[in-house]
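Q: Compute the structure for the input listed below.
(2 chains)
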2 protein chains.
Amino acid sequence: MTDPVFPRLALIGIGLIGASIALAARKTGAAGHVAIHSRTGRTLRRAEELGLGDSYHSDPAEAVRDADCVILCIPVGASGEAAKAISANLKPGAIISDVGSVKSSVIAQMAPHIPEGVHFVPAHPVAGTEYSGPDAGFAELFENRWCILTPPPGTDPDAVERLSEFWSRIGANVETMTAEHHDLVLAITSHVPHLIAYNIVGTAEDLETVTQSEVMKFSAGGFRDFTRIAASDPTMWRDIFLNNKEAVLEMLGRFTEDLTALQRLIRYGEGDKLYDRFARTREIRRGIIAAGQETEAADFGRPHGKGDDAAG
Amino acid sequence: MTDPVFPRLALIGIGLIGASIALAARKTGAAGHVAIHSRTGRTLRRAEELGLGDSYHSDPAEAVRDADCVILCIPVGASGEAAKAISANLKPGAIISDVGSVKSSVIAQMAPHIPEGVHFVPAHPVAGTEYSGPDAGFAELFENRWCILTPPPGTDPDAVERLSEFWSRIGANVETMTAEHHDLVLAITSHVPHLIAYNIVGTAEDLETVTQSEVMKFSAGGFRDFTRIAASDPTMWRDIFLNNKEAVLEMLGRFTEDLTALQRLIRYGEGDKLYDRFARTREIRRGIIAAGQETEAADFGRPHGKGDDAAG
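A: Reported below is the predicted structural model:
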């Protein structure tokens, strides 16, 4: 095994993402010692039972001592406070990073607490499942997924390179962009999709004319696909919407405008225009499969592989 | 093998659903002879190459001759014309049915063409994949999915019972309700979800600030889940929206109203209320899994089974 990228890695927070980083870093040897902190005693004990790391710390300042890299794996709304709590104990030359789905706000929260001589390289691995907590982590989560780095202007290129190497070692493809652009890209690819998924599940729950039992039974008609992401962690998503307000409202405005136009086509029976709208969206699906971000297997709510054989 | 429910079955249209019925009916012995019609010569030849049926007919009136049951497996907008074309050749006592995702409109289109002594039992198997055409069919498509029958008042109970038996034999659970209620249920569980999926994919394509390549690369953040159903057959979906206008507009109105409320919570930073909205939607996901309409395996765009082992 080659040398670890980081002889000592500290993870602040050990949910789905933190646990997956821990498992992947140890499996691939990308980190030597993995120090873990959770502010919830039960979660920290569970991480220890699962053997996710090498040391476990209820005090975040203890966890980061001597670490070559510290990654905050917590809801984005807690970033500033967490950075403040560990600030004094960060080793000179260390890298401090995060995994937040919003970058401008995280930078604004954390930057004031980064000491001179510590390298701040914000990051966002675009990967996840609908499950949360340390038990949900697995070493392959980041394989062939993208990790976006958003180093503020003037960040030490060597620090960016080392963090990039770490993410590559645990399976991710790495891309660099500005925090502002990241927040726009994620607003359309992740934040607005989650919001409308949460929304339609809520709308369905509130109906008086259709029962919840009917919604569940007949969910294979399309609804089911939305419930997966609407089952995501509510704290994480509350924080994302509060911290990427501008970009989300901008993309949501466009979404609503387009939906209103579609609604009007339905009301006035404009079949040809509806057909044109529906026909062009197939291409983007093919692109996603070609980009390795989805399998081609037809998904109809059964383990992949069963229907696939028959479908050929 | 027990006796076939229908010694002779005729399928008018042989796309994903028709082909799956053909394969399932022959595999389970639910039908004896399977006669197939497609108005597209190439599709009919492909059905024959795939060996989906026992006889192949370019003339729909020929296909239905002597059939005990005729099922229209075509876009809902074509139902009336198809019923008219086969009307004169329907055997007395035969059952005529369909698989349309909209029922009131299909009944209005077909009813005028049903001869005296023929039993009209509309049906809708709530099952499908994002693929279309005869090659997409497979015998297990209907297993543990629901098939909704919407017999108009006065329909012969014995005919309803026989069609119900057919669907049970090929794996489906059967439920009976009015056409009007069906159309409301499907508007929220299927039609509006498809519309908003088509819509967000369209919105993403039109952006000037985010490239299509970025949308595809970072789609694992949630967008990917929408592209599956937005890749569905455009003709089929155009017809659904044109033929279930009232119920779709009603449900869409509620969806938009709820989305506007969420948007306002974001704008004014109402974190607690956002959390409450996001927390309650997890339950309905659990209900869908408990109802056997989805697997519990975390879906993150890889063949199910790979991540699952590690996630345990």
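Q: so what does the helix or strand hosting residue A:284 touch, helix or strand wise?
A: Residue A:284 belongs to helix A:282-290 when assigned by DSSP states H and E. Applying 3 or more Cβ pairs under 8 Å, 6 or more residues apart in numbering or on different chains; DSSP states H and E, we find helix A:282-290 packed against helix B:192-206, helix B:212-217, helix B:223-229. To be clear about C-beta, it is placed using only N, CA and C from the backbone, and glycine gets the same treatment.
Q: what residues are up against the nearest residue to residue A:65 once chain neighbours are set aside?
A: Nearest residue to residue A:65 in three dimensions, chain neighbours excluded: residue A:89, at 5.2 Å (Cβ to Cβ, 6 or more residues apart in numbering or on different chains). Shown in contact with residue A:89 (Cβ atoms under 8 Å, 6 or more residues apart in numbering or on different chains): A:61-62, A:64-65.
Q: Tell me, how many residues neighbour residue A:42?
A: 10 (other Cβ atoms under 10 Å in any protein chain shown).
Q: Strands of the stretch 1-150 of chain A, start to end?
A: A:6-12, A:31-37, A:55-57, A:69-72, A:95-98, A:119-120, A:123-126, A:146-149 (DSSP state E, counting those that start in this stretch).
Q: Same list, those, but as JSON lines with mean neighbour count please.
A: Output for those, formatted as JSON lines (neighbours: other Cβ atoms under 10 Å in any protein chain shown):
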{"stretch": "strand A:6-12", "mean neighbour count": "25"}
{"stretch": "strand A:31-37", "mean neighbour count": "24"}
{"stretch": "strand A:55-57", "mean neighbour count": "17"}
{"stretch": "strand A:69-72", "mean neighbour count": "27"}
{"stretch": "strand A:95-98", "mean neighbour count": "26"}
{"stretch": "strand A:119-120", "mean neighbour count": "21"}
{"stretch": "strand A:123-126", "mean neighbour count": "26"}
{"stretch": "strand A:146-149", "mean neighbour count": "23"}
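Q: Would you reformat the ones you listed as JSON lines and include distance to chain B and mean pLDDT?
A: Formatted as JSON lines, the strands of the stretch 1-150 of chain A follow (distance: least, Cβ to the nearest Cβ, whole Å; pLDDT from 0 to 100):
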{"stretch": "strand A:6-12", "distance to chain B": "18", "mean pLDDT": "98"}
{"stretch": "strand A:31-37", "distance to chain B": "17", "mean pLDDT": "98"}
{"stretch": "strand A:55-57", "distance to chain B": "21", "mean pLDDT": "98"}
{"stretch": "strand A:69-72", "distance to chain B": "19", "mean pLDDT": "98"}
{"stretch": "strand A:95-98", "distance to chain B": "16", "mean pLDDT": "98"}
{"stretch": "strand A:119-120", "distance to chain B": "22", "mean pLDDT": "98"}
{"stretch": "strand A:123-126", "distance to chain B": "5", "mean pLDDT": "97"}
{"stretch": "strand A:146-149", "distance to chain B": "6", "mean pLDDT": "97"}
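Q: So which of those strands is nearest residue B:191?
A: Ranking those by distance to residue B:191, with Cβ to Cβ as the measure, places strand A:123-126 first at 30.1 Å.
Q: Walk me through which strands that closest one pairs with, and which way each runs.
A: strand A:146-149 (antiparallel) (DSSP bridges).
Q: model confidence over stretch A:129-142, on average?
A: Mean per-residue pLDDT for stretch A:129-142: 94.
Q: For that stretch, list every residue counted as buried.
A: Going by neighbour count (16 or more other Cβ atoms under 10 Å in any protein chain shown), the buried part of stretch A:129-142 is A:129-142.
Q: picking that back up, tell me the predicted confidence for the residue nearest to residue A:65.
A: 98.
Q: again with the one 3 residues further on
A: On pLDDT, residue A:92 comes in at 97.
Q: That one: neighbouring residues, count only.
A: Residues near residue A:92, counting by other Cβ under 10 Å, number 8.
Q: got a list of what it touches?
A: By Cβ under 8 Å, 6+ apart, the neighbours of residue A:92 are A:115, A:117-118.
Q: State the distance from it to residue B:85.
A: Noted for residue A:92: a distance of 82 Å to residue B:85, by Cβ to Cβ, to the nearest Å.
Q: Determine the number of other residues adjacent to the residue of the stretch 201-312 of chain A found nearest chain B.
A: Nearest residue of the stretch 201-312 of chain A to chain B: residue A:221, at 2.9 Å (Cβ to the nearest Cβ). Per other Cβ under 10 Å, the neighbour tally for residue A:221 reads 25.
Q: Next up, the contacts around it.
A: The contact partners of residue A:221, taken as Cβ under 8 Å, 6+ apart, are B:101, B:126, B:128, B:186, B:189-190, B:193.
Q: Not counting residues beside it along the chain, what's closest to it?
A: Going by Cβ to Cβ, 6+ apart, residue A:221 has residue B:190 as its nearest residue, at 2.9 Å.
Q: what about the one you found, which SS state?
A: helix (DSSP: H, G, I helix; E, B strand; the rest coil).
Q: What's the local residue count around it?
A: By other Cβ under 10 Å, the residues close to residue B:190 number 26.
Q: any idea of the mean pLDDT for the longest helix seen in chain A?
A: Taking DSSP state H as the criterion, chain A has its longest helix at helix A:245-267. Summarised as a single mean, pLDDT over helix A:245-267 is 97.
Q: circling back to that earlier point, of the helices and strands packed on helix A:282-290, which approaches residue B:245 most closely?
A: Proximity to residue B:245 (Cβ to Cβ) singles out helix B:192-206 among the helices and strands packed on helix A:282-290, at 11.8 Å.
Q: relative orientation of the closest one and helix A:245-267 in degrees?
A: Inter-element angle recorded for helix B:192-206 and helix A:245-267: 120 degrees (by axes from the mean of the first three to the mean of the last three Cα atoms, to 10 degrees).
Q: Identify each buried residue in helix B:192-206, please.
A: By neighbour count with 16+ other Cβ under 10 Å, helix B:192-206 contains the buried residues B:192-204.
Q: a markdown table for the residues you listed, including pLDDT and distance to residue B:51?
A: As requested, those are exported to a markdown table (pLDDT from 0 to 100; distance: Cβ to Cβ, whole Å):
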| residue | pLDDT | distance to residue B:51 |
| --- | --- | --- |
| B:192 | 97 | 38 |
| B:193 | 95 | 35 |
| B:194 | 95 | 32 |
| B:195 | 97 | 37 |
| B:196 | 96 | 39 |
| B:197 | 95 | 34 |
| B:198 | 95 | 34 |
| B:199 | 96 | 39 |
| B:200 | 95 | 40 |
| B:201 | 94 | 36 |
| B:202 | 93 | 39 |
| B:203 | 95 | 43 |
| B:204 | 94 | 41 |
